[in-house]
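Peer 1: with the input below, show me the fold.
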Amino acid sequence: MSVKMVLRPSLDDHVIEAILGLDVDVVVPESDDEAVAAIGDADCFYGRITPALLQAGRNLRWIQATSAGLDNYFFSELRSSDVVMTNLRGIYSDVIADHVFAFVLMFARGMHVYHAHRLEGRWQKGAPVIHLGGTTVGVIGLGGIGLEVCKRAHAFDMRVVGVDPAPKDEPDYVEKIYDPSGLEDMLKTSDFVVICVPHTGETEYMMDERAIFQMKRGAVLVNIGRGKVVDLSSLADALEAQHLQGAALDVFEEEPLPADHRLWSMEQCLITPHVAGTSPQIQSRRETVIIENVRRFCSGDPLLNVVDKPKGYVVERNPS
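Peer 2: Next up, the predicted model:
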């Protein structure tokens, strides 16, 4: 019996052709109403599921999300349903880790200061320099991205520690992995703190005023995880008080970051507009995961990136 899959949004023609080649009946609705009608007898769905779609999907067994992060994705009926959900975790890991180290190296070599001088036409030496060898990086969240950050930090002879209740791996160059209850101890000893966690009930504003001011004086905070993990008002206070040497942010509580926010005027705060996952390789990786998961679904093999719906993120390692 053929499998029926509803796509909203659609995928590129060559991806649809590959899915059709797996004996899957593909339907691409042009409106929300058409999607509700089409999903009634569908086995699987690609896209952002809504309460109306879930209720209409009487035979629905699998949902493939369009992204790795699932902020504001879940609703109570979805969490309690038997439908399996998968995301696109892993396709961004090395790319985002490179972005993290672009931030780290800018602070290490004072590039943020020299760039500000350039814009003012000033030839002035003396920007602060951090020799990375021997410094400590604390990585919050040892999933795919966090572990790639650890790998790069190790290559720069940095001491690597992390916080995660269930790390995806425990490489020998990560000196210590703290349970979340040990976050304070990690913050007090880390020269760089890199946030790589998703936004969940447990991580929302985990970097609040108390946590930010527990960080080692002169440390640098990097957030490429989710915006609502960091209280930006408290972060701005810590930068103004010179408790922190700097911050580098790609994600924010509100996006775009409001034009009147204090962080815009701070030379010691690097800001990029949620682009850490940008790379020419991402699209092909996305398509590969989707096609492979369709193949696995049709053959009854374990799916990649199965999300723990109550937690909101992938817990188990991928099957081989």
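Peer 1: helix or strand: which one has Phe107?
Peer 2: helix 93-108 (DSSP states H and E).
Peer 1: again with Met5
Peer 2: Going by DSSP H and E, Met5 is in strand 3-8.
Peer 1: so the helix or strand following that strand versus strand 3-8, what angle?
Peer 2: Where DSSP H and E defines the elements, the next helix or strand beyond strand 3-8 is helix 13-20. If you take axes from the mean of the first three to the mean of the last three Cα atoms, to 10 degrees, helix 13-20 sits at 160 degrees to strand 3-8.
Peer 1: and for helix 13-20, what's in contact with it?
Peer 2: 5, 7, 10-11, 26, 28, 287, 290-291, 294 (Cβ atoms under 8 Å, 6 or more residues apart in numbering). Every C-beta, even on glycine, is put in place using the N, C-alpha and C of the backbone.
Peer 1: next one: whatever helix or strand comes next after it to chain centre, how far?
Peer 2: Following helix 13-20 in sequence order, the next helix or strand is strand 24-27 (DSSP H and E). How far strand 24-27 lies from its chain's middle: 30 Å, per Cα atoms, centre = their mean, to the nearest Å.
Peer 1: for Gln55, give me its contacts.
Peer 2: Glu77.
Peer 1: SS state for it?
Peer 2: helix (DSSP: H, G, I helix; E, B strand; the rest coil).
Peer 1: tell me, what residue is most central in this structure?
Peer 2: Gly225 (4.5 Å; Cα atoms, centre = their mean).
Peer 1: name the nearest residue to it, sequence neighbours excluded.
Peer 2: Ile195 (4.3 Å; Cβ to Cβ, 6 or more residues apart in numbering).
Peer 1: so what pairs up with the one you found in the strands?
Peer 2: Ile140, Asn223 (DSSP bridges).
Peer 1: going forward, count from 404.
Peer 2: Sure, I'll start numbering at 404, so the last one becomes Ile598.
Peer 1: is it correct that it is in contact with Val623?
Peer 2: No - Ile598 lies out of contact with Val623 (Cβ atoms under 8 Å); the separation is 11.7 Å.
Peer 1: chain center to stretch 530-539: distance?
Peer 2: That offset, for stretch 530-539, works out to 26 Å (Cα atoms, centre = their mean).
Peer 1: buried residues of that stretch, list them for me.
Peer 2: For stretch 530-539, burial by neighbour count (16 or more other Cβ atoms under 10 Å) applies to 533, 535, 538-539.
Peer 1: can you check stretch 450-467 too?
Peer 2: For stretch 450-467, burial by neighbour count (16+ other Cβ under 10 Å) applies to 450, 452, 456-457, 459-460, 463, 465-467.
Peer 1: then that stretch to PDB, C-alphas only?
Peer 2: Provided in PDB are the C-alpha atoms of stretch 450-467 (Å, rounded to 0.1, in the frame of the first residue of the first chain):
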ATOM      1  CA  GLY A 450       5.900  21.300   7.700                       C
ATOM      2  CA  ARG A 451       4.600  23.100  10.800                       C
ATOM      3  CA  ILE A 452       1.700  21.200  12.200                       C
ATOM      4  CA  THR A 453      -1.200  23.100  13.600                       C
ATOM      5  CA  PRO A 454      -4.100  22.000  16.000                       C
ATOM      6  CA  ALA A 455      -6.500  22.000  13.000                       C
ATOM      7  CA  LEU A 456      -4.100  19.800  10.900                       C
ATOM      8  CA  LEU A 457      -3.400  17.400  13.800                       C
ATOM      9  CA  GLN A 458      -7.100  17.000  14.500                       C
ATOM     10  CA  ALA A 459      -7.800  16.300  10.800                       C
ATOM     11  CA  GLY A 460      -4.900  13.900  10.400                       C
ATOM     12  CA  ARG A 461      -6.800  10.800  11.500                       C
ATOM     13  CA  ASN A 462      -4.100   8.400  10.200                       C
ATOM     14  CA  LEU A 463      -1.100  10.600  10.800                       C
ATOM     15  CA  ARG A 464       1.900   8.700  12.200                       C
ATOM     16  CA  TRP A 465       4.900  10.900  11.500                       C
ATOM     17  CA  ILE A 466       5.700  14.700  11.300                       C
ATOM     18  CA  GLN A 467       8.900  16.000   9.800                       C
END
